[in-house]
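J.: build the 3D model from these lines:
(chains A and B)
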Amino acid sequence: MSLDFIMIDNNQLNCFIIERMLHNIDKSLPLKTFVHAHEAYEAIKNSAPTATDSQTVILLDIHMPLMDGFEFLEEFDKLPAELRNHYTIYILTSSTDKKDKARSAKSSSVKRFISKPLTFDILTGIIAEMN
Amino acid sequence: MEEIKLLFVDDEINNLSGFKAAFRFDYKILVANSTSEAIDQLIQHPDINIIICNQDMPDQKGVDFLEDVRYRFPRPVRMLMTPLNDLAPLIDAVNRGHVFRYIKKPWTDLEIKSAIEEGHKFYQTNTLLSKKNEELQEAYSLLDEFAFNVTHGLRDPILSVLSMVEIAQHMNDVNDDVKEILDMVGHAMIQLDNYIENTRDYHQLKNGSLQIGNVWFKDIMSNIEDLYRSESEKKNIKFTINIRQEEAYKSNETLLRIIISNLLSNAFKYQKRNANDKFVNIDISVEDDTASITVKDNGIGISPNYIKNIFAPLYRATSYEYGSGLGLYNVQDALTKLGGEVYVDSELNVGSTFKVIIPGKK
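T.: Numbering: from 1, shown residues only, chains lettered A, B, ... in the order given. As a prediction, this is how the structure comes out:
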């Protein structure tokens, strides 16, 4: 199985963080970062997964200007199931608000809600979960 | 002064025109010769501030009309006009609180004028009050939004720094001195983050509404445990949790969380640096609709001189660790809201025990 990552976070610093962390864990894991959720959505919508067993982990922030995490989920859930099946979404946010947690749990595409800060343990946990 | 708009209700046309003629220069006067016509006027003129109604009306008694009006049009001040020999309905109306003033029949200009002036003052105060209340509500919700944005804006970069500290610590060519400094940077960031969370709790306690639901302490603790498990490993503190709850317990989960988190946070924070048998113990039991929570540690303890002040806002009994001075104040505040009490038993250099008793909400 092939695994790759998408990070959606309006803070460029957080995109840098995941780049460095992933690189440290496994240099071969591909990563795309997006500071605008709608650009990520377009890229996913137009993607054509080649291998049937390819999986992409999406790390999604919630509070972002323009399209926020919830709006992204809403649009993502409308995509065809054959496409969605190739993606697993983890919410990665600085919010500890229970309402945010409950709201993101409504989308069946969301696997888990992770509170920042992102650590090596969290990332290796996700990779282990995906394998 | 704002113009007084008055509705005069009487079934006799002569009375209506007499009234209008007498006061047409002083007030804006609308008249109705039946209660249904009066309702129409009230719908068309929402700015009417005073209603004067005759008691003896053919379709509906003045008292009953004013009582109905009170619910549909709560703003205008209501006055009843009745002859002296028919005071029984008036006493009833005054006692039930839906008539501001009584005007005896036949009336004199002076009496009417003084009644109207007073009624109008009352109207203005009430209107101002409800307007101020609306403004206050609006301000509160703006403040909520502001607090949320500030919290998020402050925490996001702090959490980024924490991640970057971790990345740097994993680099191979970082020497031990730098690693120690990175540790300190991370520690300071965690403190700052706690401070922000405490401030947000404080805001929530001051403005939040109290939602009551079934609470299971196992659920609350599973979340909190994760947080302190890693701290207990890192700082080599033995952490034990004991929960006995067989019955449902009604309370507010957020407040309980604030109480438990703050007591645990203190127990972990105020440990002796060089001790090797450090422990934190939390014991929760629910019995007879009452929850008891005991948090015990063998940390630095609190000097007896300071103990009475520890629940005061911004009070800090030690400079040993960094704190916001809001933690125990928030605990106390949450307990007041839940009708609970806290008991402290502490000895300097031996440790502290905080026991909290909270009755279940109905």
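
J.: let me know whether whichever helix in chain B runs longest sits next to chain A.
T.: Across chain B, the longest stretch assigned as helix under DSSP state H is helix B:109-169. Yes: judged by C-beta under 8 Å from any C-beta of the partner chain, helix B:109-169 comes into contact with chain A at B:152, B:155-157, B:159-160, B:162-164, B:166-167. Quick note: C-beta positions are derived from backbone N, CA and C, even for glycine.

J.: where does chain A have its least confident helix or strand?
T.: In chain A, the helix or strand scored least confidently by mean pLDDT, DSSP states H and E is helix A:98-105, which has a mean of 81.

J.: other SSEs contacting it?
T.: Applying 3 or more C-beta pairs under 8 Å, 6 or more residues apart in numbering or on different chains; DSSP states H and E, one finds that helix A:98-105 contacts helix A:69-76, strand A:110-115.

J.: what subset of the residues of helix B:109-169 next to chain A is buried?
T.: Neighbour-count burial (16 or more other C-beta atoms under 10 Å in any protein chain shown) is assigned, among the residues of helix B:109-169 next to chain A, to B:152, B:155-156, B:159-160, B:162-164, B:166-167.

J.: which one of these is nearest to residue B:327?
T.: residue B:155 (17.5 Å; C-beta to C-beta).

J.: tell me the secondary structure at residue B:356.
T.: Classification of residue B:356 by DSSP: H, G, I helix; E, B strand; the rest coil places it in strand.

J.: got a list of what it touches?
T.: B:259, B:263, B:291-294, B:331, B:335, B:340-343 (C-beta atoms under 8 Å, 6 or more residues apart in numbering or on different chains).

J.: what are the ranges of the helices in chain B?
T.: Going by DSSP H, chain B shows helices at B:13-23, B:35-44, B:62-72, B:88-95, B:109-169, B:176-207, B:217-234, B:253-269, B:327-338.

J.: how about the ones you listed, which one is nearest residue A:28?
T.: helix B:109-169 (18.6 Å).

J.: show me what that closest one is packed against.
T.: Using 3+ C-beta pairs under 8 Å, 6+ apart: helix B:109-169 touches helix A:12-25, helix B:13-23, strand B:50-54, strand B:77-83, strand B:101-105, helix B:176-207.

J.: go through the ones you listed and name the closest to residue A:113.
T.: So among those, helix A:12-25 is nearest, using C-beta to C-beta, at 16.3 Å.

J.: tell me the angle of the closest one relative to helix B:109-169?
T.: Here helix A:12-25 points in a direction 30 degrees away from that of helix B:109-169 (axes from the mean of the first three to the mean of the last three C-alpha atoms, to 10 degrees).

J.: show me which positions of helix A:12-25 end up buried.
T.: By neighbour count with 16+ other C-beta under 10 Å, helix A:12-25 contains the buried residues A:14-18, A:20-22.

J.: same question for stretch B:6-20.
T.: For stretch B:6-20, burial by neighbour count (16+ other C-beta under 10 Å) applies to B:6-11, B:15-16, B:19.

J.: do the same with stretch B:340-355
T.: B:340, B:342, B:346, B:351-355.

J.: could you list every residue that touches residue B:241?
T.: Residues in contact with residue B:241, defined by C-beta under 8 Å, 6+ apart, are B:221, B:225, B:282, B:284.

J.: can you flag the buried ones in these?
T.: Buried subset of the contacts of residue B:241 (neighbour count, 16+ other C-beta under 10 Å): B:221, B:282, B:284.

J.: mind putting those residues into JSON lines with distance to residue A:38 and pLDDT?
T.: Converted to JSON lines, the buried ones among the contacts of residue B:241 look like this (distance: C-beta to C-beta, whole Å; pLDDT from 0 to 100):
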{"residue": "B:221", "distance to residue A:38": "40", "pLDDT": "90"}
{"residue": "B:282", "distance to residue A:38": "46", "pLDDT": "96"}
{"residue": "B:284", "distance to residue A:38": "46", "pLDDT": "96"}
